[in-house]
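1. Sequence first, then the predicted structure:
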Amino acid sequence: MITSLHSNTGRNHGSRDAAKTGIMCGGSRTTAQIHAGGPKAIFDFVIIGAGAAGEAAAFLSLARGASVAIVERDLVGGSCPFFACMPSKTLLHGAAVHALGGHYPWAQASARRDWMIDREGVPYPDDTGHVHRLEEVGATVVRGRARLDGPGRVIVARQDGGEQVVEAREVVVAVGSVSRWPQLEGLEAVEPWTNREATSTRELPRSLLVLGGGPTGVEMAQVFARYGVPVTIVESNQRILTRDHPRNSAAVTAGLARDGVIVLTGRRALRARAGAGGDGAHVVDLDDGSSVAGHRVMLSVGRTFPLADIGLESVGIDPASIVPDGRLRLRAGLWLIGDPAGPELHTHVSHYQGELAVRMALGDPVTPDYRAIPRCTYTDPEVAFVGLSLDGALAAGQDAVEFVADVGTSAKGYVSEADGHVTIVVDRAARVLLGAAIAGPGAGEAIHAAVLAVKTRVPIDVLADTIHAFPTTARVLGLLYIDAARALAS
């Protein structure tokens, strides 16, 4: 029979109630009814993976009156609350206070992080709060490894050693992603950190070498640098944060340099030599003939998707053939959501896809819309980007023009002693916003006015006629809308 874990409510890690927008025929089954059904249970939805995407799908399915089984082989809640978004952001907060001279030592930051991820005094996080929230709204939570066994049929190797067959009208694959290990000679002997070790360490490393300049790498580099750890980043591309706007990359590079981080771009790691440094640090040789070292090596070179062992072949799908284009529907009754679905890897995209796949499965007339995905990195300076850069717009054949404002000389810059920029890209002919990038205080909050404008194609004249509160970063964005509207009218 299916087993599920009952628990007390834990921390609130971002799960949210889904709106009850309709009722699916069949209604919800109670746990008792399912247990009485023997070795095979039948649901409206079975969800493989209980991370951000899987939880969002489960909550909305249940709110719509569907019965749901959700299978998780590790932590219910996924990486975001335990090893990624939440712990990294609370560590960034502690490091920021510490850097400004406040009393926020590493021990306090580490303890606050442990509280955030329900790991106080224990080696591994406790996910029972997430389990409880799912169960109290009617989900059946199954701990184990799931694999497809033909259309609508899932076999779960439960953690208690048993096996459970679960059948459903709709199967949703939400298995998330794991840190990619590059093909690098000697890497295994180094025992590198991924985001899991970096965000959960209770001891500061003597020095840190970060391979890759993605969002997680640069955020954790700043955390440790602000606590006095010598940090070096090696990025094979010509700039860090390659998916972000170039001005945002430059702003974060400058911010890291102020904190003492050495950023090396355009260089590729060739091999790792464990403990080969004079003081026992690990050494990594680069393709320009130089070497860098760190007592800890962190990987930040991308993510891979654990699709190879979940039985997709049983429904005629080769995992290697899946294109991460964000379409969500693999075949009738089978959905792929979250990181493996593409087109980008963000918790907010996973939430969106979890709910959208359920709505599509229930017959709602909706399709994915990825025109306005916000990208945010929470370093100092904070940076955010949505839509197209000028180069991207021109490459797409748009008649585009760019407008740039300096945050440092704005009212917001004066009162906060901050610098940065606001950049917008506008379609001349259509007079609508194509993209926006912000580096500066509250960039991740201010960007959402541009997100909505890009998504809904709000005319630039309407944006210019919108009042933005003074003195905010959003106000700098509003003034830029005014500049653009006037320039395009002349």
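-> That came through, no problem. In this text the structure is predicted, and so the values were computed from the model without any measurement.

2. Not counting its own residues, what contacts the longest helix along the chain?
-> Counting residues, the longest helix found in the chain (DSSP state H) is helix 473-489. For helix 473-489, the external contacting residues (Cβ atoms under 8 Å, 6 or more residues apart in numbering) are 401, 403-405, 407, 410-412, 420, 422, 424, 426, 428, 431, 436, 438, 440-443, 445-446, 449-450, 460-461, 463-464, 466-469. Where you see a C-beta, it was placed from the backbone N, CA and C, and this is true even at glycine.

3. Mind listing what's buried along that helix?
-> 473-482, 484-485, 488 (16 or more other Cβ atoms under 10 Å).

4. same check, this time on stretch 304-322
-> Phe305, Leu307, Ile310, Gly311, Leu312, Val315, Ile317, Ile322.

5. out of those, which one sits closest to Glu136?
-> Glu136 lies nearest to Ile310 out of the buried residues of stretch 304-322, by Cβ to Cβ, at 27.9 Å.

6. residues in contact with that closest one?
-> Ile48, Ala146, Arg147, Leu148, Val173, Val175, Pro319.

7. and the helix or strand that the second one is a member of, what does it pack onto?
-> Under the assignment given by DSSP states H and E, the secondary-structure element containing Ala146 is strand 140-148. Counting contacts by 3 or more Cβ pairs under 8 Å, 6 or more residues apart in numbering; DSSP states H and E, strand 140-148 is packed against strand 40-48, strand 68-72, helix 128-136, strand 153-158, strand 163-173.

8. What pairs with the last one, parallel or antiparallel?
-> Strand 163-173 has the following strand partners under DSSP bridges: strand 40-48 (parallel), strand 153-158 (antiparallel), strand 334-336 (parallel).

9. List the contacts of the longest one.
-> Applying Cβ under 8 Å, 6+ apart, the contact partners of strand 40-48 are 2, 24, 26, 29, 34, 54, 57-58, 61, 66-71, 140, 146, 154, 164-175, 310, 358, 361.

10. For that strand, output the C-alpha coordinates as PDB.
-> In PDB, the C-alpha atoms belonging to strand 40-48 read as follows (Å, rounded to 0.1, in the frame of the first residue of the first chain):
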ATOM      1  CA  LYS A  40      -2.600  -0.500  -7.100                       C
ATOM      2  CA  ALA A  41      -4.000   3.000  -6.700                       C
ATOM      3  CA  ILE A  42      -5.600   5.100  -9.300                       C
ATOM      4  CA  PHE A  43      -5.500   8.900  -9.300                       C
ATOM      5  CA  ASP A  44      -6.400  11.800 -11.600                       C
ATOM      6  CA  PHE A  45      -2.700  13.000 -11.400                       C
ATOM      7  CA  VAL A  46       0.500  11.400 -10.400                       C
ATOM      8  CA  ILE A  47       3.400  13.800 -10.100                       C
ATOM      9  CA  ILE A  48       7.000  12.500 -10.200                       C
END
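
11. quick one: average pLDDT of that strand?
-> Averaging pLDDT along strand 40-48 yields 93.

12. picking that back up, give me the buried subset of the contacts of helix 473-489.
-> Buried among the contacts of helix 473-489 (16+ other Cβ under 10 Å): 401, 403, 405, 407, 410, 412, 420, 422, 424, 426, 431, 436, 438, 440-443, 446, 449-450, 460-461, 463-464, 468.

13. Distance to Asp380 for the strands paired with strand 163-173 - can I get that in CSV?
-> Rendered in CSV, the data for the strands paired with strand 163-173 read as follows (distance: least, Cβ to Cβ, whole Å):
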stretch, distance to Asp380
strand 40-48, 37
strand 153-158, 44
strand 334-336, 36
